[in-house]
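>>> just the structure for this:
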Amino acid sequence: MGFMTRLFGRNDTVKRDAALIYTKLMQQSRNPHFYGGGRFPDSYDGRIDVLTLHMAAVLEALRSFEEQGQRLSQALFDHMKDDFEIALREEGISDTGVKKRIKPMIRLFYARAKDYTEMLPKEGIKSVASSPYAETEDELSVEFLDHLQIYSVTFRQSLSQKSLGQIASAKFDFPPL
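Numbering: from 1, shown residues only. This is a model prediction of the structure:
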C-alpha cells in the first residue's frame, strides 16, 4: 500500500469495522462472568485468554469470506496489536521496550488462538484450558469449563451463520454464559 493510500485512508471502512468488532469483543471479554473462583483469573493473562477466545472465533469466521474477510481479519488483528502497544506505553514502557515485549505477546496470542481454533471443536475447551499458556492461579472448575465449551461452540456457530456485512458491523450476539 502506497503512502498516498495510507494518507487518504482508502481502507478507512475496514479499519472502522475492525475497531467496531474489537470494541465489542473487548467489552464482552471484560464480562465479570468469565472471572473469579473456578474461572479465569482476573489478571492480564486471564483477560488475554478471554479476549483470544473471542478473537479466534471471529478470525475463524472471517476466513470463509476470502479476500474481503482476510482484509478485515488483518485489520482486526492490527487493531488488537495497536491496543496492546498502547497498553504497554500507558504502563510507561519506552518504544524500545514496547518492541521487545510486543513480539512475545503476539506469539502467545497466535499460539492461544491456534489452540482455540484447532482443539476446541475436536477435544474441547478442557484441553485448551490445560495448555501451557493457560496460566491460572486456580484450576478452572469443571462446571465452568462445561459452560465455556457450550458458550464457545454456540458463539462460533452463530458467527458461521452471519454474512460478512453482519460481522463487519458487529451485528452478532454472544450466547449466555
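>>> flag every buried residue along stretch 95-110.
By neighbour count on 16 or more other Cβ atoms under 10 Å, the buried set for stretch 95-110 is 98, 102, 105, 109. For glycine as for every other residue, the C-beta is placed from the backbone atoms N, C-alpha and C.
>>> hang on, isn't the second one packed against Asp83?
No: taking contacts as Cβ atoms under 8 Å, Ile102 lies outside contact range of Asp83: 11.0 Å.
>>> residue ranges with poor pLDDT in the chain?
Across the chain, the ranges flagged by pLDDT under 70 are 1-11, 120-138.
>>> contacts only, for the residue nearest the centre of the chain.
Nearest to the geometric centre of the chain sits Met55, at 2.4 Å (Cα atoms, centre = their mean). For Met55, the contact set (Cβ atoms under 8 Å, 6 or more residues apart in numbering) comprises 25, 76-77, 80, 109, 113.
>>> just the element for it, please.
helix 44-62 (DSSP states H and E).
>>> what touches both of Ile102 and Asp83?
Applying Cβ under 8 Å, 6+ apart, one finds that no residue jointly contacts Ile102 and Asp83.
>>> please name the nearest non-neighbouring residue to Gln166.
Sequence neighbours aside, Phe172 is the residue nearest to Gln166 in space, at 6.5 Å (criterion: Cβ to Cβ, 6 or more residues apart in numbering).
>>> surely the one you found meets Leu159?
Yes: between Phe172 and Leu159 a contact is recorded at 6.0 Å, counting by Cβ under 8 Å.
>>> mind checking the SS state of the closest residue to Ser141 other than its chain neighbours?
Take Ser141 and drop its neighbours on the chain: the residue closest to it by Cβ to Cβ, 6+ apart is Gly38, 3.2 Å away. Here Gly38 takes the coil state, with states given by DSSP: H, G, I helix; E, B strand; the rest coil.
>>> relative to helix 44-62, how tilted is the top helix by length along the chain?
Ranked by residue count, the top helix of the chain under DSSP state H comes out as helix 95-123. Per axes from the mean of the first three to the mean of the last three Cα atoms, to 10 degrees, the angle that helix 95-123 makes with helix 44-62 is 60 degrees.
>>> for helix 95-123, packing partners?
If contacts are counted by 3 or more Cβ pairs under 8 Å, 6 or more residues apart in numbering; DSSP states H and E, helix 95-123 sits against helix 44-62, helix 66-90, helix 125-129, helix 142-160.
>>> how far does it sit from its chain's centre?
Relative to its chain's centre, helix 95-123 lies at 10 Å (Cα atoms, centre = their mean, to the nearest Å).
>>> tell me what angle that helix forms with helix 66-90.
130 degrees.
>>> okay, now the spatially closest residue to Val50 that is not a sequence neighbour: neighbour count?
Distances taken as Cβ to Cβ, 6+ apart place Ser29 nearest to Val50, at 4.4 Å, with adjacent residues excluded. By other Cβ atoms under 10 Å, the residues close to Ser29 number 20.
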